[in-house]
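**Student:** The following block contains a protein sequence and its predicted model.
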Amino acid sequence: MTDHGISQRKLDHIALALGSRSQFTQPTGFEQLHFVHQGLPEVSLEEIDLSCEFLGKKLAAPLLIASMTGGPIQGGRINHYLAQAAQNTGIGMGVGSQRIMFLDPASHASFDLRKYAPDILLLANLGAVQLNFGFDENHCRQAVEMIGADALYLHLNPLQEAIQPEGDTHFKDLWPKIAHLVQVLTFPLLLKECGCGLSGELAKKAAEVGIAALEVSGAGGTSWALIESQRSTDPLRRQLGETFANWGIPTPLSLQFCRQAAPKMPLIASGGIRSGLDAAKALAMGAQMVSVAHPFLQAATESPEALSARIQLFLMELRVAMFCVGAKNLDELRGKELIRF
Ligand SMILES: Cc1cc2nc3c(=O)[nH]c(=O)nc-3n(C[C@H](O)[C@H](O)[C@H](O)COP(=O)(O)O)c2cc1C
């Protein structure tokens, strides 16, 4: 059975994502947004409560390890480390695309995460475009059942597919298929981008068809145009990726667009979230959760302990930001003023 080169591609993605040219050269814009510091916050650092509930599950903090990998040997080990660290720290986790599970049974072990993380919020993942290439509600059900997930992400990545030499670029007529899935599936369905951001128009449509939550994955962090450019051996395709290296809606803007267009839609902020301070800003802007890929991937190449320590630092940064604006819980953080400077 062929895996369509997916194993090698996943390994390339991990290696290039960890390399020196994987990130947007233009930042997210979070660095221009500032909280109003409170010299007398009337709260004690120790009482700050990050706990929350998302998709019916309780979490120690509003944080997810973003969908990244699973499948090939190195990706499998990383996936296990990601799950162990999520369990240790009480946060959630998305898995990388599970298409490989339908093509290569040897990949299943890498997605066997419930033995490491029995309690966490776990999100399954398939590419929405695969609905145009033979995938249907049964694949969605199996993706969730095979890993014991709580919900399913459909990822949207038209730019990446356009630059990837073997990319699937037939993105037509997907809304009716997504709307049908919402009707027939019994678990929540989420949409996520992969570093180019979601528009207000998309958020409005997603709310109309009954999508449970959106992960914006905006511009400013990992650049899939740059990563696919480096994978290509064709000079023209390499140039194509370079041209679109900084393409996309910056994460804070995407959050704003989605919040305005779909006021009740739960939003996950992601794309270039690099610290708990970035996370605090995204939460103040109305995100329910934040999700982080690149910084956690780096730590996960070492050990579950290194990743747990990285996550604890991230949560401490979030806690200190909340302390210094006088917010003792996430409700009090939401709506705190941010000034562009
Ligand atoms: C190595 C790697 C593999 C990824 N694979 C997937 C994937 O299979 N499915 C998906 O939805 N997103 C995938 N992503 C995208 C992330 O979930 C996230 O949306 C994106 O990297 C932006 O976050 P960041 O700036 O924190 O890296 C991957 C990211 C990385 C770094």
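**Tutor:** Perfect, I can see it now.
**Student:** From residue 230, how far off is the residue of the stretch 101-250 of the chain found nearest the ligand?
**Tutor:** Closest approach of the stretch 101-250 of the chain to the ligand (Cβ to the nearest ligand atom) occurs at residue 221, with a separation of 2.0 Å. Bear in mind the C-beta positions are built from the backbone N, C-alpha and C, glycine included. Distance of residue 221 to residue 230, computed by Cβ to Cβ, to the nearest Å: 16 Å.
**Student:** quick one: which of those two has more around it?
**Tutor:** Neighbours per residue, other Cβ atoms under 10 Å: of residue 221 and residue 230, the larger number sits with residue 221, 25 against 16.
**Student:** Settle this for me: the more buried one is touching residue 27, isn't it.
**Tutor:** No - between residue 221 and residue 27 no contact is recorded; they are 9.1 Å apart, counting by Cβ atoms under 8 Å.
**Student:** what is in contact with those two at once?
**Tutor:** residue 272 (Cβ atoms under 8 Å, 6 or more residues apart in numbering).
**Student:** show me what contacts residue 91?
**Tutor:** By Cβ under 8 Å, 6+ apart, the residues touching residue 91 are 59-61, 63-65, 120, 311.
**Student:** how near is it to residue 119?
**Tutor:** In this view, residue 91 and residue 119 are 11 Å apart by Cβ to Cβ.
**Student:** what does residue 259 give?
**Tutor:** Taken as Cβ to Cβ, the span from residue 259 to residue 119 is 30 Å.
**Student:** how about the strands of the protein, start to end?
**Tutor:** 33-35, 52-54, 57-59, 63-65, 92-94, 122-127, 151-155, 189-192, 213-215, 267-270, 289-292, 338-340 (DSSP state E).
**Student:** Around the ligand, which positions in this protein sit nearby?
**Tutor:** Within the chain, the positions lying close to the ligand (Cβ under 6 Å from any ligand atom) are 13-14, 17, 66-69, 96-97, 125, 153, 155, 192, 194-195, 217, 221-222, 270-273, 292-294, 297.
**Student:** Which positions are bridged to residue 189 in the beta structure?
**Tutor:** residue 152 (DSSP bridges).
**Student:** Just the local confidence number for it, please.
**Tutor:** At residue 189, the model reports a pLDDT of 98.
**Student:** Count the residues that sit near it.
**Tutor:** Residue 189, neighbours per other Cβ under 10 Å, totals 20.
**Student:** correct me, but it touches residue 183?
**Tutor:** No - Residue 189 is not in contact with residue 183 according to Cβ under 8 Å; the separation is 10.1 Å.
**Student:** Now do the shared contacts for those two.
**Tutor:** With Cβ under 8 Å, 6+ apart as the test, residue 189 and residue 183 both reach residue 210.
**Student:** what sits against residue 70?
**Tutor:** With Cβ under 8 Å, 6+ apart as the criterion, the residues that contact residue 70 are 10, 76, 79, 95-98, 100-101, 107, 110-111.
**Student:** Not counting sequence-adjacent ones, nearest residue to the most centrally placed residue in the chain?
**Tutor:** A centroid search over the chain (Cα atoms, centre = their mean) returns residue 66, at 3.7 Å, as the residue closest to the centre. What sits nearest to residue 66 in space, not counting adjacent residues and going by Cβ to Cβ, 6 or more residues apart in numbering, is residue 293, at 3.7 Å.
**Student:** hang on, the earlier thing: and the strands of the chain, which is most packed in?
**Tutor:** strand 267-270 (a mean of 29; mean count of other Cβ atoms under 10 Å).
**Student:** Who does it pair with, and is each partner parallel or antiparallel?
**Tutor:** Partners of strand 267-270 in the sheet, by DSSP bridges, are strand 213-215 (parallel), strand 289-292 (parallel).
**Student:** Now find how far off-centre the shortest one is within its chain.
**Tutor:** Pointing back at strand 213-215 there. Its chain's average C-alpha position is 9 Å from that of strand 213-215, according to Cα atoms, centre = their mean, to the nearest Å.
**Student:** cool, and stretch 151-164?
**Tutor:** 12 Å.
**Student:** same thing with stretch 142-162?
**Tutor:** 11 Å.
**Student:** list the buried ones in that stretch?
**Tutor:** Buried positions in stretch 142-162, judged by neighbour count with 16 or more other Cβ atoms under 10 Å: 142-144, 147, 149-162.
**Student:** Repeat that for stretch 27-46.
**Tutor:** Buried-residue list, stretch 27-46, by 16+ other Cβ under 10 Å: 27-30, 33, 35, 41, 43.
**Student:** from those, which single one is nearest the ligand?
**Tutor:** The closest of the buried residues of stretch 27-46, once distances to the ligand are taken by Cβ to the nearest ligand atom, is residue 28, at 8.6 Å.
**Student:** Can you get me a residue count around the closest residue to that closest one other than its chain neighbours?
**Tutor:** Leaving out its chain neighbours, the residue that sits closest to residue 28 by Cβ to Cβ, 6+ apart is residue 220, at 2.9 Å. Residues contacting residue 220 under the criterion other Cβ under 10 Å number 29.
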